[in-house]
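**Student:** One predicted model, sequence on top.
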Amino acid sequence: MEFPEELRYTREHEWALDESGGRVRIGITDYAQDALGDVVYVDVPETGTEVRAGEPFGEVESTKSVSDVYSPVNGTVVERNPLLDERPELVNEEPYGDGWMIVVEVSDPDQLDDLMGAAEYRTFVEEVGEG
Amino acid sequence: MSGDGSSGDGPVARAGVGAPVRSQGPPGAGTLMEASRPGRRAWSFPELDVRETRIPDEHRRAGPPALPEVAERDLVRHFTRLSQSNYGVDTGFYPLGSCSMKYNPKLAEAAAAIPGFQRVHPHQPEATVQGALQLVWRLERALCELTGMARVTFQPAAGASGELTGLLLMRAYHTKQGNPRTKVIIPDSAHGTNPASVTLAGYRVVAVPSNDRGLVDLDALRGLVDEDVAGFMVTNPNTLGLFEEEIQGITRAVHEVGGLVYYDGANLNAIMGRVRPGDMGFDIVHMNTHKTFATPHGGGGPGAGPVGVAPRLVPFLPAPTVERDDDTGEFRLDHDRPDSIGRVHGFFGNFGVLVRAYAYVYGYGGDGLKAVSEAAVLNANYLAALVGEAYPLAYPGRPMHEFVATARRLRKHGVRAMDVAKRLIDLGYHPSTVYFPLVVEEALMVEPTETESRETLEAFAEAMLQVAREAARDPDLLHEAPVTTPVRRLDEAGAARNLKLRW
């Protein structure tokens, strides 16, 4: 399971990539896609939509379930991944690559500091999954 | 290939003694269309003895309809073969968690087949249907006693229909108070129908998290309730099969802000005769006759989802209600209910289902229903204990009529809950529910019901343990399952990604 160093992570298993200039790219983690199973539909908001940290911005539907996807930051959606409309399986295949969901222009870049780093998230996931 | 059977280290020596899905007859038999031959018939009409009338040209179709032409023999064999490919409670053990797939007693079918019930027409004068009205009236009294509610409507066609009816009653009540309110709170472990019904009734869903014991987090709930909350919906025991121990604190917290509390009767089978929703503080209760009262699960056919309410909600019930004149003892339908939410079903709901529920409820009686719930809880706990080593419970605490275990110990072999379920089919069982509730990783939700014998429970437990052993030794056996069925594992992801809808 991958935990790229350059990303920040939420407890709800989203990742955020600081692309500088106030742009943050957002998706769900390798752990999340594995737990969800085969993703069959992804609902991501249109550009211009306001998102708030800790509140749902979209949904991921797999053969098992429908789950909310939570925004790690406050801001405005400036890009949405058009590939997911036709190929939702990209979330499974490349959760950190072509399976990204939205790019948000953030109002407060410091919010990223509240999220987990890769090592901390790895520990968090191991605790969740133990048993 | 199939597994090598028991290795003798389980609680029971026998393994794989379910009822495999295997139809008889020659291989390769296809659809009725494929069996069709021009001119072949399953009937012969007598000679026409009236004057032939030609259908006007504008109403005639351009060509003949594409219907199969087969003999009666082909027809009977086709559908018999299909029925053999099916699996149901009359075939074998069906531990589908959350669904209460109990055996449906044939006595109830006999009652529903009594001509006086079967041939009654809803437009008959009331004086000629006194028996049918009495049955509904007496069933209402019994369900009021069982749930602690004041009145019950029988119009809703099934559980989800009952949920919507209950929420519309909630909305009507608040509207009459001057403010319909905006939100309904439900636990994060709830059935998917709950948020759907809330949304259909025009309310916004607010989820309350479960605590680390799998119960409603009362402090979190207290933080969520305010004057905009129309109500709270919950099952008890909850979707994890655990009794909400703080249920009175929960109902009190909702009542303190003027909200109503809705009891989803999905799990009523666990508590009959022990505790009543009304005594826990609930205002609205729906029941699933196909679960608790063993009416057939329908398969899309007629069902019933009676809804009971506390006294303050009675004026809003759907019309008509059945009333009895205490002086004459006669029954009548009361349509004069000005605050009613209106009809939610034609006539009086699905009456034939109510006859079956009546036969079940009065057949058992109060003590019998209590014994039903006790046996359901005992069976679930016995089965949970038998399989616990391989499939531990998802949450601590004693489950009631069903239990949620996790298959995550098999993850290290690359085996998922879905693989376990598919392999159980090869061993002759309908699988448990998987991946529900959503808050549990690799969930296996098992509900044996009270109607199964100890031998069946032990044989199924051995099958589950056999699957766990196979996961360690030969995980591909599980990945390929089922191998004994007419159709192998379906591509669920492909079906969902490439929807082909026709209606």
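**Tutor:** Cool, got the structure. Predicted, not measured: the structure shown is a model, and the values here were computed from it. Numbers count the residues shown, from 1 in each chain, chains lettered A, B, ... in the order given.

**Student:** What is the end-to-end distance of stretch B:437-450?
**Tutor:** 22 Å (C-alpha to C-alpha, to the nearest Å).

**Student:** Can it be said to contact chain A?
**Tutor:** Yes. Stretch B:437-450 lies within reach of chain A by C-beta under 8 Å from any C-beta of the partner chain, at B:438, B:441. (Each C-beta comes from the backbone N, C-alpha and C, glycine too.)

**Student:** got the residue ranges for the strands in the chain?
**Tutor:** Let's take chain A. For chain A, the strands defined by DSSP state E cover A:8-9, A:14-18, A:23-28, A:39-43, A:50-51, A:56-62, A:66-70, A:75-80, A:102-106.

**Student:** hmm, I had chain B in mind actually
**Tutor:** Going by DSSP E, chain B shows strands at B:151-153, B:183-187, B:204-208, B:229-234, B:260-264, B:284-286, B:307-309, B:321-324, B:331-334, B:403-406, B:433-434, B:443-446.

**Student:** Can you add mean neighbour count and mean pLDDT and give those strands back as TSV?
**Tutor:** Shown next, in TSV, are the strands of chain B (neighbours: other C-beta atoms under 10 Å in any protein chain shown; pLDDT from 0 to 100):
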stretch	mean neighbour count	mean pLDDT
strand B:151-153	23	98
strand B:183-187	25	97
strand B:204-208	17	95
strand B:229-234	27	98
strand B:260-264	28	98
strand B:284-286	28	98
strand B:307-309	30	98
strand B:321-324	18	96
strand B:331-334	16	96
strand B:403-406	26	96
strand B:433-434	20	95
strand B:443-446	25	96
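
**Student:** Who's the closest spatial neighbour of the residue sitting nearest the centre point of chain A, skipping the chain neighbours?
**Tutor:** Geometric centre of chain A, nearest residue: residue A:27, 2.5 Å, by C-alpha atoms, centre = their mean. Computed as C-beta to C-beta, 6 or more residues apart in numbering or on different chains, the closest residue to residue A:27 that is not its neighbour in sequence is residue A:100, at 4.3 Å.

**Student:** check contacts around the one you found.
**Tutor:** Residues counted as contacts of residue A:100 (C-beta atoms under 8 Å, 6 or more residues apart in numbering or on different chains) are A:25-27, A:81.

**Student:** Just give me the lowest mean pLDDT stretch among the strands of chain A.
**Tutor:** The minimum mean pLDDT among the strands of chain A belongs to strand A:66-70 (a mean of 91).

**Student:** can you tell me how far the residue in the stretch 101-250 of chain B that chain A sits nearest to sits from residue B:141?
**Tutor:** Of all residues in the stretch 101-250 of chain B, residue B:192 sits closest to chain A, at 8.1 Å by C-beta to the nearest C-beta. Applying C-beta to C-beta, to the nearest Å, the value for residue B:192 to residue B:141 is 33 Å.

**Student:** what residues does the stretch 201-350 of chain B put near chain A?
**Tutor:** Counting by C-beta under 8 Å from any C-beta, the stretch 201-350 of chain B has no residue next to chain A.

**Student:** Spell out, range by range, the helices that occur in the stretch 201-350 of chain B.
**Tutor:** All helices of the stretch 201-350 of chain B, identified by DSSP state H, counting those that start in this stretch, fall at B:218-224, B:247-256, B:277-280, B:289-292.

**Student:** Any stretches of the stretch 151-300 of chain B with poor pLDDT?
**Tutor:** When residues are selected by pLDDT under 70, those of the stretch 151-300 of chain B lie in B:299-300.

**Student:** Would you mind listing what in chain A touches chain B?
**Tutor:** So chain A meets chain B at A:35, A:37-41, A:61-65, A:67, A:88-89, A:128-129, A:131 (C-beta under 8 Å from any C-beta).

**Student:** Just the buried ones out of these, please.
**Tutor:** Among these, those buried by neighbour count (16 or more other C-beta atoms under 10 Å in any protein chain shown) are A:35, A:37-41, A:61-64, A:67, A:88-89.

**Student:** Pull the number of nearby residues for the residue of the stretch 101-250 of chain B closest to chain A.
**Tutor:** 13 (other C-beta atoms under 10 Å in any protein chain shown).

**Student:** Equivalent analysis for residue A:94, please.
**Tutor:** 15.

**Student:** Report how many residues lie close to residue 83.
**Tutor:** In the absence of a named chain, chain A is used. Residue A:83: 14 neighbours (other C-beta under 10 Å).

**Student:** Correction: the question concerned chain B.
**Tutor:** 11.

**Student:** for residue B:199, same thing?
**Tutor:** Neighbour tally, residue B:199, other C-beta under 10 Å: 13.

**Student:** So it sits against residue B:206, correct?
**Tutor:** No. Between residue B:199 and residue B:206 there is no contact under C-beta atoms under 8 Å: 11.9 Å.

**Student:** Tally up the residues packed near residue 42, please.
**Tutor:** Unless you meant another one, I'm taking chain A. The burial count for residue A:42: 24, using other C-beta under 10 Å.

**Student:** you looked at the wrong chain, it should be chain B
**Tutor:** Neighbour count of residue B:42, defined by other C-beta under 10 Å: 13.

**Student:** Next, work out how far apart residue A:15 and chain B are.
**Tutor:** 20 Å (C-beta to the nearest C-beta, to the nearest Å).

**Student:** Leaving out sequence neighbours, find the closest residue to that residue.
**Tutor:** Nearest residue to residue A:15, sequence neighbours excluded (C-beta to C-beta, 6+ apart): residue A:7, at 4.4 Å.

**Student:** Now do the phi/psi pair for the one you found.
**Tutor:** phi -100, psi 160 (degrees, to the nearest 10).

**Student:** on that earlier part again, now do the contacts for the residue nearest to the centre of chain A.
**Tutor:** Contacts of residue A:27 (C-beta under 8 Å, 6+ apart): A:14-15, A:91, A:95-96, A:99-101.

**Student:** Could you tell me which of these belong to helices?
**Tutor:** Judged by DSSP state H, the subset of the contacts of residue A:27 located in helices is residue A:91.

**Student:** Residue B:104: which of the contacts of residue A:27 is nearest?
**Tutor:** residue A:91 (42.3 Å; C-beta to C-beta).

**Student:** how about JSON lines for the contacts of residue A:27, with distance to residue B:45 added?
**Tutor:** Shown next, in JSON lines, are the contacts of residue A:27 (distance: C-beta to C-beta, whole Å):
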{"residue": "A:14", "distance to residue B:45": "68"}
{"residue": "A:15", "distance to residue B:45": "71"}
{"residue": "A:91", "distance to residue B:45": "60"}
{"residue": "A:95", "distance to residue B:45": "65"}
{"residue": "A:96", "distance to residue B:45": "70"}
{"residue": "A:99", "distance to residue B:45": "63"}
{"residue": "A:100", "distance to residue B:45": "67"}
{"residue": "A:101", "distance to residue B:45": "64"}
